[in-house]
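Undergrad: Dropping the sequence and predicted coords here.
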Amino acid sequence: MTGLFTAVFSGFLLAAVAPWVHRLAPRRSGWILASLPLALTAYFVLHIGPIAEGAAFRAGFSWIPFLGIRLSFLLDGLSLLFCLLITGIGTLVVVYSGGYLKGHPELGRFHAYLLMFMASMLGVVLSDNAIALFVFWELTSLSSFFLIGFDHERAAARAAALQALLVTGLGGLALMAGLLLMGRIYGSLELSRMMAEGSGPLQSNPLFLPILILVLAGAFTKSAQFPFHIWLPNAMEAPAPVSAYLHAATMVKAGVYLVARVNPLFAGSPFWFWMLVGAGGVTMLLGACLAMVETDLKRILAYSTVSALGTLTLLLGLDTIRATEAALAFLLVHGLYKGALFLTAGAVDHGAGSRNVAELGGLRRAMPITALAAGLAALSMAGIPPFFGFVGKETIYQAVLGSSAARGLVTSAALLANLLFVAIGLIVGIRPFIGALKETPQHPHEAPVDLWIGPLLLGAIGLAAGLVPGAVGHDFVLRAASVVMDRTTETHFSLWHGWNTAVALSLVTFAAGLTVFAARHPLSRGFARVSGALAPVGPARGYFRILDGTIGMARGVTRVFQSGYLNRYLLFVLFTTVGLAGYTLFFRARLSWPEEVLHVRFYEAGLVAVMLVAALTAIRSRARLVTVIALGVVGYGVSLLFLFFGAPDLAMTQILVETLTVILFVLIFYRLPQVIVLSRSAGMRLLDASIALACGGLMTALVLTAVRVQWRPSIASYFSEHSLSLAKGHNIVNVILVDFRGFDTLGEITVLSAAGIGVYGLLKLRSGRGEAP
């Protein structure tokens, strides 16, 4: 289907022209650009019916054939659920951005980053090829870096963007390694082919546990699981639409999507169960508790998002049909209410000039529509019927109660997290709008339609979905759960299942949540004291220690390797070359000498001895004339070697070059100042000599080895046969230089000519200053 390619790459194309669209229509650019995600939402809505009946849609072509890499896309129940969240909420966020950043000089650039992110997320959830998934995965990290650091003039925004990029980017590299190993085991990088072969080849492989750790490292860093959760709250330095889109509805769900997508390959393993349930449970409780400590609306929502992501991870780890359905239902619930709450937080900041809950109150009269949207989202977050949040909470309780392992532990953790969610929902969605009106930094006023239409629609959808949970469950959740579990599921969603343990837990949750809300101030102080006591050994401090250590190590390496001394640069380069090449040559390649080396004629050995004496004389002599003569002896010795081995033309050329060189040296060197002997210790001179001997020995060994290696058939006979017939020349060497390899010779002449022109220019410059050339 070409439609899938259009759906993914249209976002990148529109991102490229978004700044120009904003320049042409600055007041309506948000509404205009939102037409693409709206059209994509309609496109995916048209696929709800066929996919609910079990259909799946594919598209692909060979991307890098010689590596066996395809650019392939798959639209099934799981990817459809995520696509609707990405494009639906994306439509509202693009509209919201136009109003929230109205008048900002870089709004066009912001829209470009936002659309780039949307396209990248669609690529992640639609990719059926592991390499394509990784590419889009890293594009989400890159585009989120731009969005978080959008206000790049603030140091806090830059630091938060860097932290998010480092954490998620490194996790992406781990994911790539895991996916490549999986491709090696299955013989294909297509995810659908891996699913078709099942979990047997992977789980029976000795590399199963390393692959599992690598894949979960990618998922945990992206979805902010403990201890990688630290980047998400700091990412609240981004503008409100970024927080609503990336950090509530889409990017942070990418890790959850990955876990759900590969679940059929890893499910059944105790490592998979305990790592997901353990990390998810800790993250769920930690995020909910830390949310109670904060007073900034966005940071409260950020930590509650961390908790929600932990809940999703825990549910997927339970690996039961009901738990999977609960995870996907809660995924939809969370995207709706959390997106709405983030958008209302931005609207409150825009209308009242503050996000501090201690400074907010009584805003319902000044901001009635925003208050309505926030109230709808808060009630869904609290799990109050008839909102879809109530259905999501009920399915969570049914899932943990049906767990076969650690039932009491996970049920207690879910109960504690949910009752804190009730209090958090009331704090961020109800408390700022009730009570007496408080004085705020600016006079509160209702936000423009761009800012309230999005959260109001999301809140209303949360209510509407709760009234018809069966239709929502059948069309979205059940088909996605079938993909995750790799078998058909038939559970029916309903607003009321009668009196049962889950309903009792819901009543306890709501009552305890109201109690926590009433006692929020002392509880917040208690959580803050515990958090402060653990901060010195927490992951946030660990991140900065690792970052500072890495920077310090980089500075140390720079001081050593970038010292500014040319001799040190040469020392490092030559030492590394000799070490690596010498090890390979002598210890790995099993070096053997050609037989000719063992049969050296006496005059050849004598000539080599003379050349060595001349070379040592050139090194030790302090008189330039002696040095020039010694170098000439070496050059003439090379000419004789050419002659001994049957190359008289090369010998003649070498003699001419050496004669000219000696004459030029003699004519030029006498005008230079006397030789200055630099003071170097005996140890340094010994080191220099050792490196020189090692380099010379290595090159000798390489040459002697190379003459025995024949990678391709020899072309010498070709030159001999065609030198006269094709090039009309009897001298084969000359024909090779000026005809067969004429462009190489032309390049060498060009380089020499450029060097000569440069030297001439320097001489003219010096003579122009009145200095002797």
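TA: Great, that's in hand.

Undergrad: Report the buried residues of the helix or strand harbouring G632.
TA: For G632, the host element (DSSP states H and E) is helix 624-644. For helix 624-644, the neighbour count (16 or more other Cβ atoms under 10 Å) marks 624, 627-642 as buried. In short, each C-beta sits where N, CA and C put it, glycine included.

Undergrad: do the same with stretch 39-46
TA: For stretch 39-46, by 16+ other Cβ under 10 Å, it's 40-41, 43-44.

Undergrad: What of stretch 347-354?
TA: For stretch 347-354, by 16+ other Cβ under 10 Å, it's 347-352, 354.

Undergrad: Name the nearest of those relative to G582.
TA: D349 (64.3 Å; Cβ to Cβ).

Undergrad: And that closest one, how far from F433?
TA: Per Cβ to Cβ, to the nearest Å, D349 is found 14 Å from F433.

Undergrad: same thing with S141?
TA: According to Cβ to Cβ, S141 stands 36 Å off from F433.

Undergrad: that older thread, give me the average confidence score over the helix holding G632.
TA: For helix 624-644, mean pLDDT is 87.

Undergrad: what's that helix packed up against?
TA: The helices and strands touching helix 624-644, judged by 3 or more Cβ pairs under 8 Å, 6 or more residues apart in numbering; DSSP states H and E, are helix 602-620, helix 648-669.

Undergrad: helices or strands up against the shortest one?
TA: With contacts defined as 3+ Cβ pairs under 8 Å, 6+ apart, the packing partners of helix 602-620 are helix 624-644.

Undergrad: can you give me the angle the helix it packs on makes with helix 602-620?
TA: Using axes from the mean of the first three to the mean of the last three Cα atoms, to 10 degrees, the direction of helix 624-644 lies 160 degrees away from that of helix 602-620.

Undergrad: Using CSV, write out every CA atom in helix 624-644.
TA: Extracted C-alpha coordinates of helix 624-644, given in CSV (Å, rounded to 0.1, in the frame of the first residue of the first chain):
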residue,chain,number,x,y,z
ARG,A,624,74.7,19.9,5.8
LEU,A,625,76.9,19.0,2.9
VAL,A,626,77.8,15.6,4.4
THR,A,627,74.1,15.0,5.1
VAL,A,628,73.2,15.8,1.5
ILE,A,629,75.9,13.5,0.1
ALA,A,630,74.9,10.7,2.4
LEU,A,631,71.3,11.0,1.3
GLY,A,632,72.5,10.9,-2.3
VAL,A,633,74.4,7.7,-1.6
VAL,A,634,71.1,6.2,-0.3
GLY,A,635,69.3,7.3,-3.5
TYR,A,636,71.9,6.0,-5.9
GLY,A,637,71.9,2.8,-3.9
VAL,A,638,68.2,2.4,-4.6
SER,A,639,68.9,3.0,-8.3
LEU,A,640,71.4,0.2,-8.3
LEU,A,641,68.8,-2.1,-6.6
PHE,A,642,66.4,-1.3,-9.5
LEU,A,643,69.1,-2.2,-11.9
PHE,A,644,70.0,-5.5,-10.2
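
Undergrad: now it and helix 648-669, what's the angle there?
TA: Using the same axes, to 10 degrees: helix 624-644 against helix 648-669 is 170 degrees.

Undergrad: What does W496 show for phi and psi?
TA: W496 adopts backbone torsions of phi -140, psi 120, taken as degrees, to the nearest 10.

Undergrad: Kindly state the pLDDT recorded for it?
TA: So, for W496, pLDDT stands at 74.

Undergrad: Where does the residue nearest to it when sequence neighbours are not counted sit: helix, strand or coil?
TA: Leaving aside its sequence neighbours, W496 sits nearest to P385 (Cβ to Cβ, 6 or more residues apart in numbering; 7.9 Å). Assigned with DSSP: H, G, I helix; E, B strand; the rest coil, P385 falls in the coil class.

Undergrad: Now do the same for A366: helix, strand or coil?
TA: Going by three-state DSSP: A366 is coil.

Undergrad: Surely it and E446 touch.
TA: Yes - using Cβ atoms under 8 Å as the test, A366 is close enough to E446 to be in contact (6.7 Å).

Undergrad: Between the two, which contacts overlap?
TA: Residues touching both A366 and E446 by Cβ atoms under 8 Å, 6 or more residues apart in numbering: G351.
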